[in-house]
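Participant: Here's my sequence, what's the structure:
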Amino acid sequence: LEEARAVGIALRQGSYSVTELCYDEQPASDATTSAIETALFADDYRIIHVAAHGFYQPDDPTRTGVAIGPDDFLTANMFRQLNVIPDVVFLNCCHVGAVAFGVESGAIEFTRRNLNRLGASLARELIDCGVRAVAVAGWAVDDRAATEFANEFYRCMLLGRSFGSAVESALEHKTIT
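Facilitator: Numbers count the residues shown, from 1 in each chain. This is a model prediction of the structure:
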C-alpha cells in the first residue's frame, strides 16, 4: 500500500496523470476484480505499476499473473487486449513464503531455485506483446525494500535516466533484507 502511494506521488510530481487503486490486502471480491479491470481498460496508460501477489502455473496460463481477485489474475493476455500497450510495466509480485499449487494440478512449488520462472515467463510475455520495459519480481519482496526500490527507480526515470540505469540505481539504493 505504501509502495503504491509513493509511486503515485512520484509520478504526479513528474507531471503524469495517475489512476490509483489501493487495497489493504490481496483483493478478495468480484467487485474489486471488476474495478481493477475497468480501470485497466478505461485509459491508455504509458506506465502500469502493480504491487501485489503473483502466481505461476505452467499448465494454466489463465492462473499465471498478478492476483486481482479470489480467482482472477492480471495476465499478459489482458495487456494484449489494451488499446495502447504501455511503455513500462512494473510488477512487484510478492510471495509470502513458498507458493504451492498442488501436485494434482501439475503445478510447481516455488523454491529458492525456481522463483525466477514467474518473473521470466510473465516478463517475456509482456515484452512479446509490445511492452518496452518490464520490471518484475518473482520472489518474496519486503514491503519497505520494495517501496525504497520503486522510489529510487521512478526518481531516476523521471530525471531522464535509462530504464537499466534506473534499475541499477534502485538495486544499489534499496535496503537489503
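Participant: only C-alpha atoms for contact and neighbour calcs from this point on.
Facilitator: Noted.
Participant: mind listing the strands in this protein by residue range?
Facilitator: Secondary structure of the chain (DSSP state E): strands at 47-52, 54-55, 65-67, 73-74, 88-93, 133-137.
Participant: Go through those and pick out the most buried.
Facilitator: strand 54-55 (a mean of 26; mean count of other CA atoms under 10 Å).
Participant: Which strands or helices does that strand pack on?
Facilitator: strand 65-67 (3 or more CA pairs under 8 Å, 6 or more residues apart in numbering; DSSP states H and E).
Participant: Name every strand pairing with the strand it packs on and say which way it goes.
Facilitator: strand 54-55 (antiparallel), strand 73-74 (antiparallel) (DSSP bridges).
Participant: Please convert these to a markdown table, extending it with distance to residue 159.
Facilitator: Output for the strands paired with strand 65-67, formatted as a markdown table (distance: least, CA to CA, whole Å):
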| stretch | distance to residue 159 |
| --- | --- |
| strand 54-55 | 29 |
| strand 73-74 | 29 |
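Participant: where does this structure dip in pLDDT?
Facilitator: 24-29, 56-64, 94-121, 138-140, 174-177 (pLDDT under 70).
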